[in-house]
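Student: Just the structure for this:
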Amino acid sequence: MKRSLHFLRLLSLALVGAGVFSGKVAGAELSTGDFLERVRRPVAAESYARLKGIMQHRPDGGRMETLPVALTVLIRRDGTRAELLIDSREGYRILQKRTGETSVEPFGTPLPSEPAVQRFGLRPTDLAMSFLFYELVREESGTLVKGIPCRVLVLRAPDRSEVVRVYVARSYFFPLKAEFYTSQEALEGDPVRTLETGSFRKKNDLYYAEILNLYGPGWRSRVHFSDAELGTPDAAAEERLFGKEKAAAPTAQQGGV
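Tutor: Sure, this is the predicted structure:
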């Protein structure tokens, strides 16, 4: 990787956000709090992406389920707007402010009792990496993820519903893997869900997560974006990318999103 990289943060570890990560700041030398702040709020670089591909899910011993997926992302200095559409029917609008406040609104047809995101183990909020704004519990010993030195942070949801162990590239301030647990005590065991970036791809001087892997006890999922349009937005980008507002699904429940 180059000393200065433009990343389109899609959890894309699909995740959503953009930044310029410069080698001028040594991530290894920052305090835990300063390092986390840099990860949460990277130097802003406005960008957009239209990504298309497939989502796949296989339970242990079961058949593979494959659905088409599309993700549109617009990153401005004050926040990010995104729309995730699965199988041309199940849609989610994702809004994240610069403060980290994230909201998800279903749209399209009314969600089924078990939405695809729930079956596949993917939360729309994952795509905004909203877990980075959880409360800091502690920093653990660093390790390597795919040969890249990482700092390891443990974060807890405000409502204490889960704890996440995040592996962040030390020099690039970018999360490569996140492990989710039901509680702080459960950190000694296996995570209930793991999200990691399988590979990055570069286009128009921007990097995006081409493959996202998700897995947990008894199941595995993958998101593969094979078609990508990336660039710098102009004044009309929002209307061009998203068009007219779509009506939200009436009384749709977010169950598990």
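
Student: what's the least confident helix or strand in the chain, going by average pLDDT?
Tutor: strand 14-21 (a mean of 36; mean pLDDT, DSSP states H and E).

Student: and the next element down the chain from that strand?
Tutor: helix 32-40 (DSSP states H and E).

Student: For residue 144, give me its contacts.
Tutor: residue 150 (CB atoms under 8 Å, 6 or more residues apart in numbering). Quick note: C-beta positions are derived from backbone N, CA and C, even for glycine.

Student: and the residue located most distally from the centre of the chain, helix, strand or coil?
Tutor: The outermost residue of the chain, judged against the average C-alpha position, is residue 61 (27.8 Å), by CA atoms, centre = their mean. Three-state assignment for residue 61 (DSSP: H, G, I helix; E, B strand; the rest coil): coil.

Student: Residue 231 and residue 205, how far apart?
Tutor: 9 Å (CB to CB, to the nearest Å).

Student: who's more crowded, those two?
Tutor: When residue 231 and residue 205 are compared for neighbours, residue 231 comes out ahead with 15 against 12, by other CB atoms under 10 Å.

Student: Go ahead and confirm the more buried one touches residue 45.
Tutor: No: Residue 231 is not in contact with residue 45 according to CB atoms under 8 Å; the separation is 11.7 Å.

Student: Now the residue farthest from the centre of the chain, what are its backbone angles?
Tutor: phi 80, psi 0 (degrees, to the nearest 10).

Student: same thing with the one 5 residues further on?
Tutor: The phi and psi values for residue 66, taken as degrees, to the nearest 10, are phi -130, psi 130.

Student: Which residues does it form beta bridges with?
Tutor: Residue 66 forms beta bridges with residue 56, as assigned by DSSP bridges.

Student: ok, it - contacts?
Tutor: Applying CB under 8 Å, 6+ apart, we find residue 66 in contact with 54-56.

Student: swap the cut-off to 10 Å and go again
Tutor: Counting by CB atoms under 10 Å, 6 or more residues apart in numbering, residue 66 makes contact with 54-58, 87, 222, 224.

Student: Can you tell me which of those residues are buried?
Tutor: Neighbour-count burial (16 or more other CB atoms under 10 Å) applied to these gives 55-57, 222, 224.
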